[in-house]
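In: please find the sequence and the predicted model below.
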Amino acid sequence: MRLITLLIMTCSFWSCVKDKPQEPGNTVASIQADRKVLIVNEGNFGWGSGTVSLYDPTTGAIVSDYFGQQNNGALLGNVCQSITRHNNNYYVVVNNSNKIVVVNAENFKKTGTINGLVSPRYLLPVTYNKAYVSDLYANFIQVLDLNTNALSGTIPCRNGTEEMISIYGKAYVSNGNSEYCYVVNTMNDIITDSVLVGKGAAGICIDKHSKIWVLSSGDAASAQTGKLSRIDPVSLQIEASWSFNAGESPRNLCINKTRDSLYFLNNGVFQMQINSVALPTSPLISQGSKIFYTLGINPKDYTIYVSDAVDYVQKSKIEIYSPNGTFITKFNAGIISTCFQFE
Amino acid sequence: MNCIKLHSRVSFSYLLLIWVLAKTHNPLFGQTKDTSAHILNEIVILENKEAFIKDSKKIIKMDSLSIAHHQTSSLTDLLSNLSTVHVKSYGPGNIASTSIRGGNSNQTAILWNGFNINNPALGMYDLSLVPVQFFDDFTLNYGGGSALWGSGTVGGSIHLNNNPSFNKGFQSKVMMSTGSFGSYKMNTGMLWSRKRFVSNTKVFYQSSENNFTYKDTLDKENQDKTMQNASYLMQGLMQELSFKVNQYHKINLRGWYNYAFRNLPTYFFTNNTRNQKDNNLKISADWSYSRYRIKSITRMAFFDDKNTYNDSLRNTHSKNQTNTFITENENTLQFKNHSINFGVNYTSYLLRSQPDANKAIAKMNELNKIAFFSSYKLTAFHSKLTYNASIRKELTSLTEIPFTGNMGLHYKIFPHLAAKLNGATSYRQPTLYDLYWQPGGNEKLKSEEANELEGAFEFKKSINNVWVHFEATYFDRHTKNWITWLPSDKGYVSPVNIAEVYSRGTETKSEICYVHKNLYIKLAINTAYVLSTYEKNNQENDNSLGRQLIFTPRYTGQAHLLISYKKTSFLFNQNYTGYRFTASDNTSWLMPYYFSNLKCSYAYTIGNSTLNIFGSINNVFNSNYVVMPGSPMPFRNYEIGLTMNYHKPNKSETQKP
């Protein structure tokens, strides 16, 4: 009987583990470092808070939640989408919280919040005190007054606007739901033209010849394949375009510092010279079983940063590769790393 | 020794019977029917195939008095308050699902009189859509049970049963209550119970503004907030008809309709308007034949589940409708101490989904399956040993389903101490959305498969007026082909059989009851310690190996005290849920939480009528907590109500000694 009692007691307290998780240790990294990388992490849609991580490539130090560290543990909000530097401020776009958090570029202290947005994605400064904000669900591009952080107007268009660039007094706005890339006159905030680039456009950049490159992912429902287009900003004609294979979903178009080499994700990291006549057939960096989520090219040293979202519910792994695709190092950032800001 | 065992069993049963009879003749807050059912259930449950494995597995049956205190609640509250089942609730009235023994909500089957009512598209049932007052008993089966119940019974199963009582006369009930946050509830019921015919009608209605205040610990600048866009309205009807054709034949017909309209709050972050509408119709019929040592039950059911979801921001208006048709024949033969059960089950699912109601595209998919099952039970050594074995093979038009089985032993080591050992294989078939969702559905998915072993010691003893029951269980389960939705290289998410999970832990159940004249006291303490960890790295950067599954607490504990004296009854429960990780690498988590509820009632009887006043204080100690991230729960809140019962017994019933 005693033996049985002992067995019962043993069963009741079977090698219990301590319930309280171990708090992560604080790492020191400074935004004043010469080289630093800010990494925007989305957090889980609906229930997690997005974060901004700070990475110092010199020492390898990482601060997982740099905004929280500099703002007494405050949270940014749900689904951080992008970060833009302008006028000694960073503008952190927080998509599902419908806001943009403004922080001082020197110390990352919060200086303001721009509320009242619908589902913001990216911010593009078009003049010293004016910016456009693309939006996933609003049927317009939001115009911001950066002096007052107030919403100053809208530019009607179809919802689904994504990345934007500006050149020669015009802004080029990609749109994931439309087949067109919009051309906006930044003086009067009016769409003056549009260019057919295919469905699912999200990535846009300018090369060293001031040509505009737009990458569209395609749309399986309407059987449209992905497409890479080069636009002449003067004539607004497509000079060249390349179609991807059916079933491929290319995204995250980037360009290096000298603006002569394009990079994008397509089940791996691909590199393409701007004077190339065909799409690359093999990846510079293979994805393998990883889930490459976003891409960035460090203008300081041409290194390639790619985030692996793993299973989307754990910290992303940031992998760094040399320009020729050789692995250098990797580290953990936050959940679903989506954007790099190199300083 | 056997004499002592028999004496203690008889003495407790006698005490319980005396107490129940006392209640029957002095109806207390309309619980006359419930307490009677408590005795009747012991007979009814033996007729089901569940009885074949009940000795060797952990099974908890909710007591009728505790259920009576939750007559205006949903299954969400009943399980949260009175069990260690982790109920993943997104707030009052909002969607709620379960986690039993480290499994997810798809791995818990909800069965209504033996029919699996999990939505075949989602693979789960929303516990908030189950009104407690519609059912006579609630039973929790822990661990794998696919050999009996088929797909989805991996972590456990929850059984909702209706047990018609013949020859009870006429009873009617009207129950009304009001509570915090603009909540109104009304239940009515009418039972007409003759010798060979029973008609039982139950109706419920409830609505709530649900605009409670909460403290948003994630928003340090503006912590005090009020819940917006969380109102809900639910109503339902259940009609039961039972016929005793003769002493051998019995027929039951049941219909259950539920309607729910819920605004879905967007909590901390967003400001769009979302709502969900559910229409659920369930119809079932069963015919049972019982003569000599043969029992046969043939049952059929049809379910029509409609769901509409609207999201103003995303301009999403989706609709889906699933139809389920089940027919089953089950036979039991008993010969001396041997029992054999065998049968066949045919189930057909039809899914109509319209991802965007603005577009006239409705996808239709179907899945049919047929299952053959059999169980054997042996009782030996003067009932000291019970042995059971069950097998089930299911064939389907799409995914392959493994052979499943169950084998168990129950052995009384001493008169008051028994040992249990049970081994089970179980599976979870992919849901219709796993298979057919566009884009991303994967028709090549395999079923999740689990192997589980559990062992337990059970101590039961009654001394004079005191009854003690203690049970300690250890379980160990490996699950492979665990389905997870992951982004594919095609730009959308798709389900894959990728994870392997090892779940193990201990559970304890401790109950002590005291019965004396009009006094009944019961103290129950339940604990669960569950480790459920990922056993396979999916890729080189995966850091989840050996880590606890997200939203799965390692520690849960629950205690409740029930005191009933003459016309007054109290129920107090205290619950604890430990840390739940929100990241699979266990780097972020939700804090543990406690909550307590106090429910009381007082009954006043005039002739055949009983007036019962009841009230409850929920979250007595004003705990600020969330069960799921971004879903705050209300602080202390109240409910007060009134029940009017009328009971006119049949003449034959009143003439009983």
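Out: Received, thanks. Only a predicted model underlies this, so the values are computations on that prediction, with no experimental measurement involved.
In: hey, which helix or strand in chain A has the poorest pLDDT?
Out: Using mean pLDDT, DSSP states H and E, helix A:2-12 stands out as the lowest-scoring helix or strand of chain A, at a mean of 49.
In: now do A:Gly268, the pLDDT please.
Out: On the pLDDT scale, A:Gly268 is placed at 95.
In: now do the contacts for it.
Out: A:Pro283, A:Leu284, A:Ile285, A:Ser286, A:Gln287, A:Phe292 (C-beta atoms under 8 Å, 6 or more residues apart in numbering or on different chains). To be clear about C-beta, it is placed using only N, CA and C from the backbone, and glycine gets the same treatment.
In: restrict those residues to those near chain B?
Out: When contact is defined as C-beta under 8 Å from any C-beta of the partner chain, those meet chain B at A:Gln287.
In: show the buried residues in the contacts of A:Gly268.
Out: Burial by neighbour count, 16 or more other C-beta atoms under 10 Å in any protein chain shown: within those this picks out A:Pro283, A:Leu284, A:Ile285, A:Gln287, A:Phe292.
In: let's verify the residue positioned nearest the centre of chain B: helix, strand, or coil?
Out: The centroid of chain B falls nearest to B:Ile158 when counting by C-alpha atoms, centre = their mean (3.4 Å). When classified by DSSP: H, G, I helix; E, B strand; the rest coil, B:Ile158 comes out as strand.
In: secondary structure element for the residue lying closest to it once chain neighbours are set aside?
Out: Excluding its sequence neighbours, the residue lying closest to B:Ile158 (C-beta to C-beta, 6 or more residues apart in numbering or on different chains) is B:Ile110, at 5.1 Å. According to DSSP states H and E, B:Ile110 maps onto strand B:108-112.
In: contacts for that strand?
Out: B:97-100, B:116-118, B:124-125, B:127, B:130, B:145, B:149-161, B:256, B:282, B:284.
In: just checking: what are the partner strands of it?
Out: Strand B:108-112 has its sheet partners listed here by DSSP bridges as strand B:115-116 (antiparallel), strand B:156-161 (parallel).
In: contacting residues around the helix or strand that comes right after the last one?
Out: Where DSSP H and E defines the elements, the next helix or strand beyond strand B:156-161 is strand B:169-179. Residues from elsewhere that reach strand B:169-179, judged by C-beta under 8 Å, 6+ apart: B:30, B:32-33, B:71-72, B:133, B:183-193, B:208, B:614, B:637-650, B:653.
In: any idea how far the strand holding B:Ile110 is from the chain center?
Out: 7 Å (C-alpha atoms, centre = their mean, to the nearest Å).
In: hey, C-alpha coordinates of that strand in CSV?
Out: C-alpha atoms of strand B:108-112 as CSV (Å, rounded to 0.1, in the frame of the first residue of the first chain):
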residue,chain,number,x,y,z
THR,B,108,-11.3,17.6,-29.5
ALA,B,109,-14.6,16.1,-30.7
ILE,B,110,-17.9,17.5,-29.5
LEU,B,111,-20.5,14.7,-29.6
TRP,B,112,-24.2,15.2,-29.2
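In: in the stretch 301-450 of chain B, where is pLDDT below threshold?
Out: B:356-362 (pLDDT under 70).
In: tell me where it has strands.
Out: Residue ranges of the strands in the stretch 301-450 of chain B, as given by DSSP state E, counting those that start in this stretch, are B:316-335, B:338-354, B:363-380, B:385-396, B:404-414, B:417-428, B:448-463.
In: go on, the stretch 151-300 of chain A?
Out: Under DSSP E, counting those that start in this stretch, the stretch 151-300 of chain A gives strands at A:161-167, A:170-175, A:180-185, A:190-196, A:201-206, A:212-216, A:227-231, A:238-243, A:251-255, A:261-265, A:268-273, A:285-286, A:292-297.
In: and what of the stretch 151-300 of chain B?
Out: Using DSSP E, counting those that start in this stretch, strands in the stretch 151-300 of chain B cover B:156-161, B:169-179, B:183-193, B:197-208, B:213-215, B:224-226, B:232-244, B:249-264, B:274-291, B:294-311.
In: next one: the residue nearest to B:Ile158 from B:Val85, what distance?
Out: Distance of B:Ile110 to B:Val85, computed by C-beta to C-beta, to the nearest Å: 12 Å.
In: now do the shared contacts for those two.
Out: B:Ile158.
In: residues of the stretch 151-300 of chain A that sit close to chain B?
Out: So far as C-beta under 8 Å from any C-beta goes, the stretch 151-300 of chain A lies against chain B at A:200, A:217-218, A:220-221, A:247-249, A:251, A:267, A:287-291.
In: mind running it again at 7 Å?
Out: A:Ser217, A:Ala220, A:Gly247, A:Ser249, A:Asn267, A:Ser289, A:Lys290, A:Ile291 (C-beta under 7 Å from any C-beta of the partner chain).
In: what is the burial count for the second one?
Out: As a burial measure, A:Ala220 scores 19 neighbours (other C-beta atoms under 10 Å in any protein chain shown).
In: burial count for the closest residue to it other than its chain neighbours?
Out: Distance criterion C-beta to C-beta, 6+ apart; nearest residue to A:Ala220, sequence neighbours excluded, is B:Pro439 at 5.8 Å. Neighbourhood size, B:Pro439 [other C-beta under 10 Å]: 13.
In: kindly report the same for the one 5 residues further on.
Out: Under the neighbour criterion other C-beta under 10 Å, B:Lys444 is assigned a count of 10.
In: can you list the strands paired with strand B:108-112 in JSON lines and add mean pLDDT and distance to B:Asp224?
Out: Below are the strands paired with strand B:108-112 laid out as JSON lines (pLDDT from 0 to 100; distance: least, C-beta to C-beta, whole Å):
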{"stretch": "strand B:115-116", "mean pLDDT": "95", "distance to B:Asp224": "44"}
{"stretch": "strand B:156-161", "mean pLDDT": "95", "distance to B:Asp224": "37"}
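In: can I get these in CSV with distance to A:Glu42?
Out: Listed next are these as CSV, based on distance: least, C-beta to C-beta, whole Å:
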stretch, distance to A:Glu42
strand B:115-116, 37
strand B:156-161, 34
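In: between those strands, which gets nearest to B:Asn315?
Out: strand B:115-116 (34.9 Å; C-beta to C-beta).
In: whichever helix or strand comes after that closest one vs strand B:448-463, what angle?
Out: Sequence-wise, the next helix or strand downstream of strand B:115-116 (DSSP H and E) is strand B:137-142. Orientation check (axes from the mean of the first three to the mean of the last three C-alpha atoms, to 10 degrees): strand B:137-142 against strand B:448-463 gives 120 degrees.
In: which neighbours in the sheet does the lengthiest strand in chain B have, and how are they oriented?
Out: If you go by DSSP state E, chain B has its longest strand at strand B:493-516. Under the criterion DSSP bridges, strand B:493-516 sits next to strand B:466-487 (antiparallel), strand B:519-534 (antiparallel) in its sheet.
In: okay if I get these as JSON lines plus mean pLDDT?
Out: Formatted as JSON lines, these follow (pLDDT from 0 to 100):
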{"stretch": "strand B:466-487", "mean pLDDT": "93"}
{"stretch": "strand B:519-534", "mean pLDDT": "96"}
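In: A:Tyr293 touches A:Ala309, doesn't it?
Out: Yes. The pair A:Tyr293 / A:Ala309 is scored as a contact, 4.1 Å apart, by C-beta atoms under 7 Å.
In: out of those two, which sits in the busier spot?
Out: A:Ala309 (24 against 20).
In: report pLDDT for the more buried one.
Out: 93.
In: please report how far it lies from chain B.
Out: Separation of A:Ala309 from chain B (C-beta to the nearest C-beta, to the nearest Å): 7 Å.
In: give the phi and psi angles for that residue, as a check.
Out: phi -80, psi 0 (degrees, to the nearest 10).
In: how about A:Gly68?
Out: Given degrees, to the nearest 10, the pair of backbone angles that A:Gly68 has is phi -60, psi -40.
In: nice, that's everything, thank you.
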